[in-house]
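Undergrad: Any chance you could fold what I've pasted below:
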Amino acid sequence: MNSLIRLELSRALRNRKFLFFSVIYPAALFLLIAGSANTKDKVDGTGLTLPTYMMVSMASFGALTAALMGNSERIAKERESGWTRQLRLTTLPGRGYVLAKTASAAVVSLPSIVVVFAVAALVKDVRLDAWQWIVLTAAIWAGSLVFAALGVALGYLATGDAVRPITMITYFGLSILGGLWMPTTTFPGWLQDIAKWVPTHAYAALGRAIEQSEAPHMSDVVTLAVFFALFTGGAAWLYRKDTLKA
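TA: Below is the predicted model:
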């Protein structure tokens, strides 16, 4: 299993296009959205400045990109090429394959978080206490596992040709409805009610609570825990189903 994890990490780090979209793209979006923003004006209903607010949003967006996009399409293609079938002939347990995919996505998601934080601190003078930077990084990184599990599930749900549009729709839907590209306070009331049930909304809310030196809302923690259970359960069921077909 350790050998497979090393292989997955090596493949992820060699993929320059993927690294651009998961590491550089979120930081570039942060500069595009918050680059000219006043560092004193607050986002309505949050108590945070736009750069501080969008820092968490774009760090979460980068982690989402690495965790979700990094798993779904690659798994679907490996199923079609027969790679996963070959792995089943080895002593590698099914959980080892899923763990390797999750680990590679987690490793790539960490640089995307750190780069956004560095850009926000250096360019927009975002300042937090040392403990906040550490806890914020850990919370966003750990929360990305929810979407890594979703990526595994999508990889086993769709074929190689269908997985990309399904993943892109899911990806953009989670990003927009979760308020990662714009504050949900700008949404119509009915859309704000929907956004509260989207996992990315709870995901970013954890980080914003830390920025305000507050404990995360229990509703956000429960939302992420429920979705993590659903996604991992779905991934496990789809994996077993795919195994029975082979």
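Undergrad: Tell me which helix or strand comes right after the top helix by length along the chain.
TA: When the chain is parsed with DSSP state H, its longest helix is helix 94-123. Per DSSP states H and E, the first helix or strand lying C-terminal to helix 94-123 is helix 130-157.
Undergrad: Just the buried residues of that next one, please?
TA: 133, 136-137, 139-141, 143-157 (16 or more other CB atoms under 10 Å). Yep, even glycine has a C-beta here, placed from its N, CA and C like the rest.
Undergrad: Just the angle for that helix relative to helix 94-123, thanks.
TA: 140 degrees (axes from the mean of the first three to the mean of the last three CA atoms, to 10 degrees).
Undergrad: Next up, the contacts around the residue nearest the centre of the chain.
TA: Of all residues in the chain, the one closest to the mean position by CA atoms, centre = their mean is L64, 1.8 Å from it. L64 sits next to S144, F147, Y171, L174, S175, L180, T200, Y203 when contact means CB atoms under 8 Å, 6 or more residues apart in numbering.
Undergrad: between these, which is nearest P216?
TA: Taking CB to CB as the measure, Y203 is the one of these closest to P216, at 10.6 Å.
Undergrad: element containing that closest one?
TA: Using DSSP H and E, the element containing Y203 is helix 199-211.
Undergrad: which of the contacts of L64 has the most neighbours?
TA: Using other CB atoms under 10 Å as the neighbour criterion, F147 leads these with 31 neighbours.
Undergrad: And that residue, how far from A195?
TA: According to CB to CB, to the nearest Å, F147 and A195 sit 16 Å apart.
Undergrad: swap in G160?
TA: 32 Å.
Undergrad: ok, back up a step: can you pull out the residues in contact with the helix holding Y203?
TA: 46, 48, 52-53, 56-57, 59-60, 64, 128, 132, 135-136, 139-140, 143, 146-147, 174-175, 177-180, 184, 195, 215-217, 219-221, 223-224, 227.
Undergrad: next one: the longest helix of the chain to chain centre, how far?
TA: 8 Å (CA atoms, centre = their mean, to the nearest Å).
Undergrad: Likewise for stretch 59-71?
TA: With CA atoms, centre = their mean, you get 4 Å for stretch 59-71.
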